[in-house]
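Peer 1: make a model of this:
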Amino acid sequence: ITKEGSALPSASSSELFTSEIYSIHKAIANSAWRNPPTHDWYAGNRPGLSLQSVGTRSAQTALARLRSGHIKSLKFIDREKTFSSCPCSCPTSPAHIIDCIGASTRQLWSGEGKGLVELLERHGVMDLV
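Peer 2: Model prediction:
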């Protein structure tokens, strides 16, 4: 705490206006926000992961939709989530799609997105995602 406090100008050196104090605290908060933790598990659990993967745009979109849960078959009827049917006659939720094609959620959140997209295409459920 003393290290962070020493970075701020002291009151004896100069008078700070409210806007300057706000700017200093905003800069400190932004620097902490822009530099996320470097844990290996943290890298996979962020929205921009699909943008970093290689593949076609449709493959990246499918992975992003599965990760967020906002797939094409999601509809809201009377303020309730409903899903259209999968080829196996079950409601097509993101979890069901992953189970139906024999994949795991670990594949979804890891760098194995290309294999997951191939499974989606092979099972004919790419248009549901």
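
Peer 1: low-confidence stretches in the protein?
Peer 2: 1-14, 32-54, 111-112 (pLDDT under 70).

Peer 1: what do you get if the cut-off is 50, keeping everything else the same?
Peer 2: 50-51 (pLDDT under 50).

Peer 1: for it, just list every one of the strands.
Peer 2: When assigned using DSSP state E, the strands of the chain occupy the ranges 74-77, 80-83.

Peer 1: for this protein, give the helix that spans the most residues.
Peer 2: helix 18-34 (DSSP state H).

Peer 1: restrict that helix to CA atoms and write it as PDB.
Peer 2: The C-alpha trace of helix 18-34 is given here as PDB (Å, rounded to 0.1, in the frame of the first residue of the first chain):
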ATOM      1  CA  THR A  18     -10.500  17.100  -8.000                       C
ATOM      2  CA  SER A  19     -10.100  16.300 -11.700                       C
ATOM      3  CA  GLU A  20      -6.400  15.500 -11.300                       C
ATOM      4  CA  ILE A  21      -7.200  13.200  -8.300                       C
ATOM      5  CA  TYR A  22      -9.900  11.500 -10.400                       C
ATOM      6  CA  SER A  23      -7.500  11.100 -13.400                       C
ATOM      7  CA  ILE A  24      -4.800   9.500 -11.200                       C
ATOM      8  CA  HIS A  25      -7.200   7.000  -9.600                       C
ATOM      9  CA  LYS A  26      -8.800   6.300 -13.000                       C
ATOM     10  CA  ALA A  27      -5.300   5.500 -14.500                       C
ATOM     11  CA  ILE A  28      -4.500   3.200 -11.600                       C
ATOM     12  CA  ALA A  29      -7.800   1.300 -12.100                       C
ATOM     13  CA  ASN A  30      -7.400   1.100 -15.800                       C
ATOM     14  CA  SER A  31      -3.900  -0.300 -15.600                       C
ATOM     15  CA  ALA A  32      -5.100  -3.000 -13.300                       C
ATOM     16  CA  TRP A  33      -8.000  -3.800 -15.600                       C
ATOM     17  CA  ARG A  34      -6.000  -3.900 -18.800                       C
END
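
Peer 1: when you give positions from now on, start the count at 22
Peer 2: OK, 22 is where the count begins now, so the last one is helix 39-55.

Peer 1: okay then, goodbye and thanks.
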